[in-house]
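Chemist: Attaching a predicted model along with its sequence, questions to come.
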Amino acid sequence: MKSVVRKAIKSDATSILSLIEELAIFEKEPEAVIVTKAQIEKDGFGDRPLFECFVAELEGKVVGMALFYPRYSTWKGPTFHLEDLIVTAKMKGKGIGTQLYNAYLKHAHQVGVERVEWAVLDWNLPAIAFYKKSGAAVLDDWRTVQMDKKSIDDYILKINS
């Protein structure tokens, strides 16, 4: 049975949060999720949306999503960053992830961005193989750099001292 992929709407916020929580468990960081349903509603479907999202629906239930947002490359111009492509554990291997990936790339093509990008964990070999097979380059020479809110706050305190 083929899922239906569509743009997410505000009423999908609970399902989006559930998928995020499932991904956090898969990535061995279940306690890391602090985003709330209200925040997803505001940030994705409020007056100034910070992200866009496609959802895959099967028999009226959301079973996957591709959440992304615009970025700007100083070298290339407009780009999209795919934050997460998630399919519920029970639905993996049924082509739903491919449907979401295709919808994301078709949208990027239609909008005319110069590049799409995302991160993948080095131990997620099936995802890496899938991306490479689709023509994506998996860059080994770049490292992801992050600062959480506490690190930002600590740094600002340090430079303001």
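Modeler: Sure thing, it's come through. Residues are numbered from 1 along each chain as shown.
Chemist: need the contact list for residue 85.
Modeler: Going by C-beta atoms under 8 Å, 6 or more residues apart in numbering, residue 85 touches 64, 65, 66, 97, 100, 101, 104, 118. In short, each C-beta sits where N, CA and C put it, glycine included.
Chemist: And the residues you listed, which two are furthest apart?
Modeler: Pairwise distances across the contacts of residue 85 (C-beta to C-beta) peak at 15.2 Å, for the pair 64 and 118.
Chemist: that older thread, taking the contacts of residue 85 one by one, which sit in helices?
Modeler: Among the contacts of residue 85, DSSP state H puts 97, 100, 101, 104 in helices.
Chemist: Export the residues you listed as JSON lines, with columns for distance to residue 29.
Modeler: JSON lines is the format used below for the ones in helices among the contacts of residue 85 (distance: C-beta to C-beta, whole Å):
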{"residue": "97", "distance to residue 29": "20"}
{"residue": "100", "distance to residue 29": "22"}
{"residue": "101", "distance to residue 29": "23"}
{"residue": "104", "distance to residue 29": "23"}
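Chemist: neighbour-wise, which of those residues leads?
Modeler: Counting neighbours by other C-beta atoms under 10 Å, residue 100 leads the ones in helices among the contacts of residue 85 with 25 neighbours.
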